[in-house]
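Engineer: heads up, no residue letters with this:
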């Protein structure tokens, strides 16, 4: 016979906790001991009795019945045992329906279990000689001839008796995974895993817009905030902590959308220069758009030379996005996993977004103010600065896209607007080529300027044309300017990396570039009129 409390006291000493405490605090160690036995029926019966014994109300010594091997299959026994264990081990860490003697943390449970393993090493050889089974609860149910578990003297002590018949245990050895055994020792459910925002699949649709699928029951901003907040739990070095602390301050400043944008300049020139891709941005149905370096600095310098306005993401937002991109890369997360979903790509907006997008609303307010100030008959110009690869990755160091203007002209039948757009392109090419030819260190050798108009009527898209196809239901900055904000002229400027660096190094090059744009626009301004505005 094995008297369990006596065995416990002999191993653990007189200060051992009561039965409920033992089952609770030693569940992990108990599962490890059972793993060594590798006998499914023995494991299930011992676990079931331990769970039931620990789950009794204090002061009550009755045993709860468990199925016998004669009345149920091993698979059913196992399912019943696991169900009992799940019911017993509640997420709160307490017994179901039983007052908890005291509170402790999961870490204390693990420490106690490890200590119990050291103090009470399992003896598989001894226990494998005894087939343990819980007495059935049915009056007519037969008792197992091999073993019996009884109560003694109302003390609540469990005695396990084994019949010395020499019968060997039916030994079908099972390879049990550690995760399966730990189910019996789970004191609380793990914290909810925070989902990482991921780019949506290409070609998805939402709100009638291709490539913009969104689940109505998911809050992308809330999910993103929880993901970013969880970063502080993973910091391991002083450098990471410094970056995250800086990120925390920047996050607080970006709570409002207008604070994430920056508009600076003057009204004299009636020219707006934008740099939407000075930060990495999420795009519906596409991979995140990477940052186009130096576009903010170049756009700001050109706007200053032209006496106009420059619209871009604020410097704080640029730094915040840089940190989010870097941290995600350091942690091996997906591209753009930590980018702010509120920052929509201004060059990839749907028609439905224009009414609420802060970037377009800034463009619209500027255009309306200029029309009120200078009159509706005056021309206003929009320049959208972007970055592209050096030749031969691109056809030239500077590509001027007039596709939005040409598409707008195609809707004005019989007016000759298309010819005026082509003439504007020719003048731009001539003036800008002369300006860039004075940059000595512009390498590699390649055509300096290329103008892309796109097919007449805007029925197809060309690379760097500055216009999306109508069926895409998306609008570039140039299309937003001429189709919705009322700009008369709009050009997308794709600059090679070498050209951007040259313009930043050479202040004279920036001045010549701006003067070339002003000269070309002045030549064509008198030839174009506002139509339908």
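Structural biologist: Received the coordinates, thanks. All values derive from a computational prediction rather than experimental measurement.

Engineer: helix or strand with the lowest mean pLDDT in this structure?
Structural biologist: strand 205-206 (a mean of 32; mean pLDDT, DSSP states H and E).

Engineer: list the buried residues in stretch 265-275.
Structural biologist: 265, 269, 270, 271, 272, 273, 274, 275 (16 or more other Cβ atoms under 10 Å). Where C-beta positions appear, they are placed from N, C-alpha and C, glycine not excepted.

Engineer: with stretch 300-310 instead?
Structural biologist: Buried, per 16+ other Cβ under 10 Å, within stretch 300-310: 300, 301, 302, 303, 304, 305, 306, 308, 309, 310.

Engineer: tell me the SS of the fourth one?
Structural biologist: Following DSSP: H, G, I helix; E, B strand; the rest coil, residue 303 is assigned to helix.

Engineer: show me the contacts for it.
Structural biologist: 264, 265, 271, 272, 273, 309, 310 (Cβ atoms under 8 Å, 6 or more residues apart in numbering).

Engineer: swap the cut-off to 6 Å and go again
Structural biologist: 265, 273, 310 (Cβ atoms under 6 Å, 6 or more residues apart in numbering).

Engineer: doesn't the last one fall inside a strand?
Structural biologist: Yes. When three-state DSSP is applied, residue 310 is found to be in a strand.

Engineer: nearest spatial neighbour of it, skipping sequence neighbours?
Structural biologist: Sequence neighbours aside, residue 303 is the residue nearest to residue 310 in space, at 3.7 Å (criterion: Cβ to Cβ, 6 or more residues apart in numbering).

Engineer: the first one too?
Structural biologist: Excluding the flanking residues, the one nearest residue 265 by Cβ to Cβ, 6+ apart is residue 309, at 3.6 Å.

Engineer: next one: the second one
Structural biologist: Taking Cβ to Cβ, 6+ apart, and ignoring the residues beside it in sequence, residue 273 has residue 303 as its nearest neighbour in space, at 4.1 Å.

Engineer: now the one you found: how far from residue 369?
Structural biologist: 16 Å (Cβ to Cβ, to the nearest Å).

Engineer: next one: residue 361
Structural biologist: Counting by Cβ to Cβ, the gap from residue 361 to residue 369 is 13 Å.

Engineer: and if you look at residue 331?
Structural biologist: 45 Å.

Engineer: for residue 468, give me its contacts.
Structural biologist: Residue 468 neighbours (Cβ under 6 Å, 6+ apart): 474, 476.

Engineer: point me to the helix or strand that includes it.
Structural biologist: Residue 468 is part of no helix or strand when elements are defined by DSSP states H and E.

Engineer: would you list every one of the helices in the stretch 401-533 of the chain?
Structural biologist: Applying DSSP state H, counting those that start in this stretch to the stretch 401-533 of the chain gives helices spanning 403-410, 417-436, 477-480, 497-505, 507-525.

Engineer: out of those helices, deepest packed?
Structural biologist: Looking across those with neighbours counted as mean count of other Cβ atoms under 10 Å, the highest average goes to helix 477-480: a mean of 28.
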